[in-house]
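Trainee: no FASTA, just this:
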Ligand SMILES: NCc1[nH]cc(CCC(=O)O)c1CC(=O)O
């Protein structure tokens, strides 16, 4: 019996996600009679150590995954469960994304003190809104230029506490994280994905493993959800094309249409956005196609033709 060591960050969300993935994999092993058991190894990443300071100032992509990837290359762990949106667009040599499980909710959610919200227009004038995501700030300011956007850092649990202690009218979090924690009753309003385009990979998980580990790869292929994998592939190609990390106001989400003519090559629709942090400019493009790589590149090219490169250059300066 092989023990597969699963690396994870030690935030509540990371531990919950890893536990849920191990439960799913255990069920798959029972069903297919595979001789594996699982063990969790907690790893502190640089991103966890510097949650209080401005992450974008520290720079670098993959602040939450680097140490975990090194442990995998060093064979201290065999696989790792990541939030897909924290994964850099490129993986290091020797590692692969072995499975993309079925995606949860892709949308961002508003958590407010006021109840019964039916739109962003229901929030008071000059509302103080907490988010450190330039992507969220840009898209909210585009609809409500009066919003006072203020930085909000930390794990999901500490961000929820800050809604009360720091006097925000609203904070924004990914719906998926709250749902996985069993806290979806805190959500007052789901932001429609076409108004606030989610982060690339939002709501999805990525299970990373060593390229040469055939046993683990075979197990993970049984856990992969092909539809989610295709949509995430288009979004990530889009991100790679714009050379984006999570600290840049870029968003994208892809959907599979079920009215496809050819079931072997389902039709994907990808919406992408690049915005300025003050919401003064929000560029959006949408395209459809069957090849996720071509589609990701096509939407990125259309945004660059609209001037997305200038917005991104200004932010990276
Ligand atoms: N950037 C942090 C992060 N990374 C993954 C999630 C949870 C949602 C997901 O898996 O997409 C969150 C929290 C948030 O953005 O609210």
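Mentor: Thanks, I have the structure now. Nothing here was measured: the structure is a model prediction, and the numbers come from that model. Residues are numbered from 1 along each chain as shown.
Trainee: and the gap between residue 67 and residue 8?
Mentor: Using C-beta to C-beta, to the nearest Å, residue 67 is found at 11 Å from residue 8. For the C-beta atoms, the positions are set from N, CA and C on the backbone; glycine is no exception.
Trainee: correction: residue 302
Mentor: 37 Å.
Trainee: between those two, which one's more packed in?
Mentor: residue 8 (24 against 16; other C-beta atoms under 10 Å).
Trainee: so what sits opposite the more buried one in the bridge?
Mentor: Legend: beta-bridge partners of residue 8 under DSSP bridges are residue 42.
Trainee: doesn't residue 71 lie inside a helix?
Mentor: Yes. The assignment for residue 71 by DSSP: H, G, I helix; E, B strand; the rest coil puts it in a helix.
Trainee: list the contacts for residue 298?
Mentor: Shown in contact with residue 298 (C-beta atoms under 8 Å, 6 or more residues apart in numbering): 287, 289.
Trainee: pLDDT on the helix or strand harbouring residue 37, on average?
Mentor: Using DSSP states H and E, residue 37 sits within strand 36-42. Mean pLDDT, computed over strand 36-42, is 97.
Trainee: outside of the helix or strand that it is followed by itself, list whatever touches it.
Mentor: Downstream of strand 36-42, the next assigned helix or strand under DSSP H and E is helix 46-49. By C-beta under 8 Å, 6+ apart, the residues outside helix 46-49 that reach it are 9-11, 55, 58, 63-64, 66-67, 86.
Trainee: now the host helix or strand of residue 303: buried residues?
Mentor: Element membership of residue 303 [criterion: DSSP H and E] is helix 292-306. Under the neighbour-count criterion of 16 or more other C-beta atoms under 10 Å, helix 292-306 has 292, 295-304 buried.
Trainee: same question for stretch 264-275.
Mentor: The neighbour-count check on stretch 264-275 (16+ other C-beta under 10 Å) flags 266-275 as buried.
Trainee: in strands only, show me the residues you listed.
Mentor: Among the buried residues of stretch 264-275, the ones falling in strands (DSSP state E) are 268-275.
Trainee: now do the strand holding residue 37: which elements does it pack against?
Mentor: strand 2-8, helix 12-32 (3 or more C-beta pairs under 8 Å, 6 or more residues apart in numbering; DSSP states H and E).
Trainee: centre of the chain to that strand, how far?
Mentor: Put simply, strand 36-42 sits 24 Å off its chain's centre (C-alpha atoms, centre = their mean, to the nearest Å).
Trainee: can you check stretch 248-266 too?
Mentor: 17 Å.
Trainee: and the average pLDDT for it is what?
Mentor: Here the average pLDDT along stretch 248-266 is 82.
Trainee: with stretch 50-68 instead?
Mentor: The pLDDT scores in stretch 50-68 average 64.
Trainee: start to end distance for that stretch?
Mentor: One end of stretch 50-68 to the other measures 16 Å (C-alpha to C-alpha, to the nearest Å).
Trainee: shift numbering so it begins at 385
Mentor: Understood, numbering begins at 385; the last thing we discussed is stretch 434-452.
Trainee: pick the one among the buried residues of stretch 648-659 closest to residue 420.
Mentor: Set against residue 420, the nearest of those by C-beta to C-beta is residue 650 (31.7 Å).
Trainee: coming back round to it: which one (most neighbours) among the contacts of helix 430-433?
Mentor: Most neighbours among the contacts of helix 430-433, by other C-beta under 10 Å: residue 393, with 26 neighbours.
Trainee: list the contacts for it?
Mentor: Residue 393 touches 399, 426-429, 431-432, 448, 452, counting by C-beta under 8 Å, 6+ apart.
Trainee: redo the residues you listed as a markdown table? Include distance to residue 481.
Mentor: Formatted as a markdown table, the contacts of residue 393 follow (distance: C-beta to C-beta, whole Å):
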| residue | distance to residue 481 |
| --- | --- |
| 399 | 21 |
| 426 | 21 |
| 427 | 18 |
| 428 | 23 |
| 429 | 18 |
| 431 | 19 |
| 432 | 22 |
| 448 | 15 |
| 452 | 13 |
